[in-house]
Every structure is written in C-alpha cells, then in structure tokens.
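Undergrad: After the sequence you'll find the predicted model.
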Amino acid sequence: MSDEGRIIQNTEEDQEWADLLSPARRNFMISAGLTAAGLTAGNIEASGQDIITPASFKPIVPPPDVGKSPWGYETIKEPTPRPRSIRPGEENGLPKAPRPYTDIKSYHAHFYFDEDSYEKAALVRKWSIERFPVELGNWNLQPRGPHVTPSFYFGFTNDLLPILVPWLQLNSLGLTILLHPNTDDPRADHLYYTLWVNRSQPVNAYGMPKQATVEKIFPNTKPTVKLEIS
Ligand code: ZN
C-alpha cells in the first residue's frame, strides 16, 4: 500500500499533545504564565499580540435601583411545591396500561417560520399541497392558539403518516416542524405526544382543555404532482 493510501490517525495521546502544543494554545499558555508571574499587559502588547487581559476590561454596571420589591421579603420562606402531573394517565402515579394508538384520529403538521425563513415555508407548503391531499390552513403571521411564532399548518389522515414523516424529514429545508396527533386531549397532543422535525420550540398548550369530539380532517387540496421516488 502506498503512503497516500494509508489512513494516518493520531492516537488519543498524540492528539492530546498536538492540542496542547498548538500555536494558539502555546501563546495562550505563555501569556497566562506571564500574567500569573505578575508581568504587566505592556509586556504582552510589546510582543505584538493584541490581548485584552482581565485587568484591562472594565464592565459598565448601572447603579442599583432604589425601592421595594413588590413580592415582599418572605418569598424565600415558601416551601417547594410539587406540581400535579398533567400527563394523561399519570395524574396519580404511573399509568395502569398503555393508551390505545387508535385514540389518534388524525394528525397536524405545523410549520414555523420567521422573517428570514418565510420563503422556505412557502416552498415546503407549495411542494406539500402539490403532492398530498391535506387540509391546508391559512398563513398565521402572528402567534395563534398554542403556537408562539408565525406558522401555517395542514392536517392529514393517519394513512399518510408513514409517507409524510420521511418526506418532511427530507424536505423540511431546516424549518422547525411540529407533528402532533389529534386525540381527545389537545394539551397532551401538543406537549407530550409530539414528533418534531429538526429542533423543537416552545408550545403554549398548558391551558388547552379536553375535547368532547376529536378534530376531524377534511382535505381541501388535490395533488397535481406525482410523488418523487428513487
Ligand atoms: Zn395542531
């Protein structure tokens, strides 16, 4: 095997020494040593490096406010309370049995965006409704319901889940997408039964009450583009 073909890998110990002796780290260690030895910043500057030392940094701190706390001065004495569990079935300890998955009657996909990512949202929205029969909602440029940023959503029937999850994974364009089921418990649907594509974000659903009837889906888009497959 030629040298070019050989994979040269540092052992952990080699890497540790290489990191320790890297020029940036060496310079840092030298300057730290000078500071520890009581030498002035002038010496370091004279060596041609532009280093702000802790001694030369002066934070600007506003003067303290004068007045009284509206909370009074006894809050420190309050005992630590334990909130009641709001996970369905866990109000009094662990649940006795799993929830039937057939409690899920439909799904929502919520797409979050902002002033920088709205064009991506528009593109994923267009691609989605060209390919899937979904119930498409309108654009929300303000927080709406439990959703705390601009968003749009579409609802879909359970049979689309095994296709829409991988499709959205590959076509999210990096947007944050909340996929939640619809059961009789919207709070749990939004907070505990969720799937997220990419990172999650806060959902303000703690006040959502149980529903007598579960959200139904009535698709309002007709696919015009054949779904791409490889
Ligand atoms: Zn929803």
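TA: Looks like it came in fine.
Undergrad: Surely residue 124 is in contact with residue 172?
TA: Yes: with contact defined as CB atoms under 8 Å, residue 124 reaches residue 172; the gap is 6.8 Å. Every residue, glycine included, has its C-beta placed from N, CA and C.
Undergrad: between the two, who's got more neighbours?
TA: Between residue 124 and residue 172, residue 124 has the larger neighbour count (other CB atoms under 10 Å), namely 20 against 15.
Undergrad: residues contacting the more buried one?
TA: 111, 168, 171-173, 175 (CB atoms under 8 Å, 6 or more residues apart in numbering).
Undergrad: now with 10 Å?
TA: Residue 124 is in contact with 109, 111, 113, 152, 168, 171-173, 175, 177, counting by CB atoms under 10 Å, 6 or more residues apart in numbering.
Undergrad: re earlier: which residues are common contacts for residue 124 and residue 172?
TA: With CB under 10 Å, 6+ apart as the test, residue 124 and residue 172 both reach residue 111.
Undergrad: Would you quantify the distance from residue 156 to residue 167?
TA: From residue 156 across to residue 167, the span is 11 Å (CB to CB, to the nearest Å).
Undergrad: just residue 201 next, same as before
TA: 21 Å.
Undergrad: Quick check on these two: which one has the bigger neighbour count.
TA: Taking neighbours as other CB under 10 Å, residue 201 and residue 167 compare with residue 167 leading, 17 against 12.
Undergrad: So that one, which state does it fall into?
TA: Recorded secondary structure, residue 167: helix (DSSP: H, G, I helix; E, B strand; the rest coil).
Undergrad: so what's it up against?
TA: By CB under 10 Å, 6+ apart, residue 167 lies in contact with 127-128, 131-132, 160, 227-228.
Undergrad: could I get the residues you listed as TSV with pLDDT, distance to residue 99 and secondary structure?
TA: Listed next are these as TSV, based on pLDDT from 0 to 100; distance: CB to CB, whole Å; DSSP: H, G, I helix; E, B strand; the rest coil:
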residue	pLDDT	distance to residue 99	secondary structure
127	98	33	helix
128	98	28	helix
131	98	31	helix
132	98	27	coil
160	98	21	helix
227	97	31	coil
228	97	35	coil
